[in-house]
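Novice: Sequence first, predicted coordinates after that:
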Amino acid sequence: MRVLVVEDEERLAQNVATILRDNALCAVDVALDGEEGLFQACSAPYDLIVLDLMLPKLTGLQLLTRFRGEGRNVPVLVLTARDEKEVVVKLLNAGADDFLTKPFDLGEFVARCKALLRRGMGEHSPVIQIGPLEVNTATRAVRIQGTPIMLTAMEYRVLEYLAHRRGALVSKEELLEHLYDFNWERFGNVIEVYISGLRRKLKSNAAERLIQTVRGMGYRLRYEDSPLQNDDGIVES
Amino acid sequence: MKNVSLRNRLIFAVVVSQILLAIGLVAVGTSFSRYYLMHAFDIYIEGRAQSIAALVYYPDDGRPGLLFNDAKVPPSPHHKHKDIFVVSSDHGDFERHTPGYDPHIFDRVPPSAQFWNFRSDGEPYRAIILRNVVILDTEEGIPQPLPRLTVVYASPASDIEEQMAHLGLAIGILSLLIFIPVMILALWSIRKALTPLNDLAAAAGSISVDSWVFEPSEAAKSTQELRPLIGAISVVLAGLESAFTRQREFLGDAAHELKTSLAILKSTLQALLNKPRQTTEYQSGLLSMNQDCERLERLLTRMLQTARADERLANGPERRSAPVDLISSCEAAIAQLSRFADEQEVRVELVAKGAAMMRAEPSDLELIWLNLLENAIQYSARGSVVEMSVLVHPEAATVTVADHGCGIQAGHLPHIFDRFYRADRSRARTTGGFGLGLAIAKSLVTLYEGHIGVESGPGEGTRITVIFPTFKGLAIECQKSDSIEAATDQSDKSRLGQSL
C-alpha cells in the first residue's frame, strides 16, 4: 500500500510517515506544500492520501476539490487543527473520507488509515479469507488452515496487496507502484524474489496454487476447488 | 424600572389637549358671546331708558311741574317679569314709575357704574341709570334752572343666561363630536409615526454575534429623528463586528498554531514509543521534543504579548510614561539580538544622531525594535547588513529598519502587520516565526500614537519605518541633551556605525 502525506510541518510529516511505514507497512511519500501535494497525488497511484488543511500555496480544501474534480477516487484522510462543525461539513462535502483533529493519537491515526485503505480496496472486514489462506490486515497475521505463517515485511505487503486485489490480475508494475515510494530504487526482479519466497512459505496441499503467475502479465491470487481453467496464460506451480 | 410607553404618552397628550381645547372653546366662546350679548342688551335697555326719558314733557299751558306720557310707555317683552323703570327730576317735584313698583328695588344703585345686575322675585335683572338727562321737550319761559331727569330702567336678563347655557352646551357637544374622529386620526398617525421606531427596534433586535446584518427599513432610514440613531448603531456595529471577527480569527489562528505544535510534539513522542529503539534514537527524539517545547514556549510568549498589547490599545493611547531615550532602547534591542545576528552572519548597524526623547515604557520600545530587527535579520542574506537609523525632527522621531533580503511581494504587503500572517509559511516554519512579531510591533507603535509603514519589493529588501511624535515639552529636553552631546562629542561617534 502506498500513502501520500501532504503536510507542511516537516517534523509532523516525518513522524506520520515513519509510523505509517512501521505500523501499516506502507510506502510513504511526503509533500510539504499544496501544489507539490496535488502534483504528486496525480502522478502516482496512491491508496490513501493524508492531507493537512492549512498548507502553503494551495490549501488542503483547494487541493481536495481539484483532486476530486478530476474524478480521482483515492481515499483522503484530512488532518486539521480546526474542529468546528462547518469546517468538517465542508471537508466531507468536498470529498474527504475521514478527518482527524490535531493533536491526534498516532494509534488512532494508523487505525483510521488502515480502515480507509481497506475500504479503498472494497473491503470492510480487516480479515481477508481466500480458501485456506487468512490475512488479518489489522494484526498482520497470516495463517494457512489455522497455522501461523511468518513472513518478512515486504512479503507480507506483497501478499496483502494481492489479497486485496484477489482474483484480479496484478502486474509487476502495479505492485512496484503500490509498494514503493519515490525514493526507492526499483529493481524489476525484487517482486519475483518476494513471490517465490511467499510461495515457499505458503506451501501446503490446499494452498499450492494460490499465487498464479500469468507470464508476461503479472500475478493473481485465487483459490479454486476445481482444476484450473487456463484461458489467459500458462500456469506455473 | 419605570415602564414608559411612548405610544401611551402620545395618546395621553392628545386626549388632554383635546379636553383642554374643548374647555377653552366653551369658556372663550361663551364669554365672548356673553360680552356681545350683554353689550347688545345694554344698548337695548339704554334705548329703553332714553325713550322713557323722552316721555317727560312740560305742560303746554306754562304751569309749573312736569308731565309724563303714560300711553307711550313701550310694552315689556316679558309677560311674567315686566320691565321696571323710575324717572325722577332733580327738583324733587316729579317721579314716575312702573305700576306695582317696589320702592326698595333700586336701593342699591351703585354710585358710579351706569349698569348693574340684581335679582328680583328670583329673576335676574340688568339695570341702567341715566343721570342728568335733559328734558327734550323744551318750552319758552320755563324758570331756570331747568330740571334734569334721572332714569333707572331694568329689564329681565334671564334670556341672556339661557342663551349662554345653550351656547356652552352646543360648543361642548360639538367638541365631543370632533373628539371622536380626532382621536381615531391621532391613534392612526401615532401608530404610523411609531412604525419606523418599531422597525428599527426589530432590526436592532435581530443582530447577534452570528449575524451582524443591520438592515433598518426604508421608513426608519427616512425618518429624520431616527437617522442619528441608525448612524450610531451602524458605526458601533461595524466596530464590534470587526473586533469580533478579528478576535475570532485570532482565536482560530492561535488554536491552529498551538494544536499543530502540540501535534508535532505528541507524534514525535508516540513514534518514539511505538517500538523499542536505540539510545541514540531516544536522544535525538528527546532533543527535538525539547526544541518543540521551546517553540511552544515562544509561541505562548508571543501570543500573550499580542493579547496584552491589544488590551492596552483598547484603553486608548498611552501618555503617562516617563520620558525615555529612543536611541538607547534601539541599542538595547541590538545588544539582545547580537547572538542571533552572529548565528545568521548578519551585521546590524545603528545610525543615530542626537537624542530623541519620548514618553514610553522602555520595555515596549525594545519589544518593537526586537521584533523589527528579528524579522530583518531572519530575512537577510548571510553576510549582509541590517541598517537601523534614528532621525530626530522637532516634532517627530523616525526610526527605520532596512534589510537587504529577498523583499516582500506586493500582494503580501497589505497583510504583513496582520496577526499570524506569514508571506512564506514554509520558510517561516524553519526560521521559527509565527507571524506575530510585526503585529505586536504595530500594536505597540499605535499605543504610543506612532505610525508604522513598510516599503518593499522582491529582491530590493524591506524597509520598515516607525514615526513617533515627540511632545512639545520633550522637544526642549531634546535640544538640551543635543547641546550636551555636542559639547562632549562622544556618543554620536560611538553610535554611528555600531556593529555586531
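Specialist: Thanks, I have it. Numbers count the residues shown, from 1 in each chain, chains lettered A, B, ... in the order given.

Novice: Just the CA atoms of the lengthiest strand in chain B, as PDB, please.
Specialist: Ranked by residue count and defined by DSSP state E, the top strand of chain B is strand B:123-134. The C-alpha trace of strand B:123-134 is given here as PDB (Å, rounded to 0.1, in the frame of the first residue of the first chain):
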ATOM      1  CA  GLU B 123     -85.400  86.800  38.200                       C
ATOM      2  CA  PRO B 124     -82.100  88.200  37.100                       C
ATOM      3  CA  TYR B 125     -82.400  91.800  36.000                       C
ATOM      4  CA  ARG B 126     -80.000  94.200  34.400                       C
ATOM      5  CA  ALA B 127     -80.500  97.800  35.100                       C
ATOM      6  CA  ILE B 128     -79.200 101.200  33.800                       C
ATOM      7  CA  ILE B 129     -79.200 104.500  35.400                       C
ATOM      8  CA  LEU B 130     -79.100 107.700  33.300                       C
ATOM      9  CA  ARG B 131     -78.300 110.800  35.300                       C
ATOM     10  CA  ASN B 132     -78.700 114.400  34.300                       C
ATOM     11  CA  VAL B 133     -80.900 113.700  31.400                       C
ATOM     12  CA  VAL B 134     -82.100 116.900  29.700                       C
END
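
Novice: chain center to that strand, what's the gap?
Specialist: Relative to its chain's centre, strand B:123-134 lies at 68 Å (Cα atoms, centre = their mean, to the nearest Å).

Novice: Residue A:16: what's it in contact with?
Specialist: The neighbours of residue A:16, taking Cβ atoms under 8 Å, 6 or more residues apart in numbering or on different chains as the test, are A:5, A:7, A:28, A:50, A:106, A:109, B:267. Heads up, the C-betas are built off the backbone N, CA and C, glycines and all.

Novice: Which of these fall in helices?
Specialist: Taking DSSP state H, the ones among the contacts of residue A:16 that sit in helices are A:106, A:109, B:267.

Novice: Let's see if you can find the most crowded of these.
Specialist: Among these, the one with the most neighbours (other Cβ atoms under 10 Å in any protein chain shown) is residue B:267, at 26 neighbours.

Novice: Go ahead and confirm it touches residue A:15.
Specialist: Yes - counting by Cβ atoms under 8 Å, residue B:267 does reach residue A:15; the two are 3.8 Å apart.

Novice: Quick check: neighbours shared by these two?
Specialist: By Cβ under 8 Å, 6+ apart, the residues touching both residue B:267 and residue A:15 are residue A:106.

Novice: So which residues on chain A come close to chain B?
Specialist: Neighbours of chain B within chain A, by Cβ under 8 Å from any Cβ of the partner chain: A:8-12, A:15-16, A:18-19, A:22-23, A:32-33, A:54, A:56, A:79, A:81-82, A:101-107.

Novice: Buried subset of these, written for PyMOL?
Specialist: To isolate the buried members of those in PyMOL, using 16 or more other Cβ atoms under 10 Å in any protein chain shown:
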select buried, chain A and resi 8+9+11+12+15+16+18+19+23+32+33+54+56+79+81+82+101+102+103+104+106
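
Novice: Now, the residues of chain A next to chain B that are in helices?
Specialist: Per DSSP H, the residues of chain A next to chain B map to helices at A:10-12, A:15-16, A:18-19, A:22-23, A:106-107.

Novice: Under the pLDDT cut-off, which ranges of chain B? List them.
Specialist: Scanning chain B for pLDDT under 70 picks out the ranges B:139-143, B:423-432, B:471-500.

Novice: what are the ranges of the strands in it?
Specialist: Secondary structure of chain B (DSSP E): strands at B:56-57, B:67-68, B:84-89, B:95-97, B:115-120, B:123-134, B:148-156, B:323-325, B:347-352, B:357-359, B:385-392, B:396-402, B:451-457, B:461-469.

Novice: In TSV, list these along with mean neighbour count and distance to residue A:218.
Specialist: What follows is the strands of chain B, written out as TSV (neighbours: other Cβ atoms under 10 Å in any protein chain shown; distance: least, Cβ to Cβ, whole Å):
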stretch	mean neighbour count	distance to residue A:218
strand B:56-57	18	159
strand B:67-68	16	160
strand B:84-89	22	148
strand B:95-97	18	156
strand B:115-120	13	137
strand B:123-134	17	136
strand B:148-156	22	140
strand B:323-325	17	78
strand B:347-352	20	63
strand B:357-359	22	78
strand B:385-392	20	61
strand B:396-402	21	64
strand B:451-457	16	57
strand B:461-469	20	57
